[in-house]
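Visitor: sequence? don't have it. structure:
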């Protein structure tokens, strides 16, 4: 952690819903690494075939995510007049699918969510001639 990081103070934090690998982090952290894979299948019938759920069958879950290197020289100056960051109230409706609510300082954060949406619709019945 950076020795010059500031203290975060929140008087009131209200979060209604947290789901699907999401995190509420209160306090400083060195590394945050969130990861989630989702197969979202929408069907007109509630049939389960028994062979679903193999992430490796879909290219979206195998493709590397390109991370561009930062090659820029940067000079920064900080002048923190107070040692604290103070917030009165944080209101959150929902955090989902590797979402993160973090109050505090962080060094390294990496978040990845991959979602494959699949629609399986019934074929229309052909009108027969009578």
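Guide: Received, thanks. Only a predicted model underlies this, so the values are computations on that prediction, with no experimental measurement involved.
Visitor: low-scoring stretches of the protein, by residue?
Guide: 1-4, 126-130 (pLDDT under 70).
Visitor: make it 90
Guide: Filtered on pLDDT under 90, the chain yields the residue ranges 1-7, 19-23, 27-29, 33-57, 65-85, 96-99, 104-113, 118-130.
Visitor: in it, which spans are strands?
Guide: 7-18, 23-26, 29-43, 84-95, 100-103, 106-120 (DSSP state E).
Visitor: can I get those strands in TSV with distance to residue 69 and mean neighbour count?
Guide: (Each C-beta comes from the backbone N, C-alpha and C, glycine too.) Converted to TSV, the strands of the chain look like this (distance: least, CB to CB, whole Å; neighbours: other CB atoms under 10 Å):
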stretch	distance to residue 69	mean neighbour count
strand 7-18	30	12
strand 23-26	27	14
strand 29-43	19	13
strand 84-95	30	12
strand 100-103	24	16
strand 106-120	15	12
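Visitor: mind putting these into a markdown table with distance to residue 62?
Guide: As requested, those are exported to a markdown table (distance: least, CB to CB, whole Å):
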| stretch | distance to residue 62 |
| --- | --- |
| strand 7-18 | 29 |
| strand 23-26 | 25 |
| strand 29-43 | 11 |
| strand 84-95 | 27 |
| strand 100-103 | 25 |
| strand 106-120 | 10 |
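Visitor: bridging residues for residue 39?
Guide: Following DSSP bridges, residue 39 is listed with bridge partners residue 116.
Visitor: ok, it - contacts?
Guide: Neighbour list for residue 39: 52-53, 55, 58, 116, 118 [criterion: CB atoms under 8 Å, 6 or more residues apart in numbering].
Visitor: ditto for residue 16
Guide: Per CB under 8 Å, 6+ apart, neighbours of residue 16: 92-94.
Visitor: for those, which one is nearest residue 71?
Guide: residue 92 (35.9 Å; CB to CB).
Visitor: wait, the closest one touches residue 102, no?
Guide: No. Taking contacts as CB atoms under 8 Å, residue 92 lies outside contact range of residue 102: 11.8 Å.
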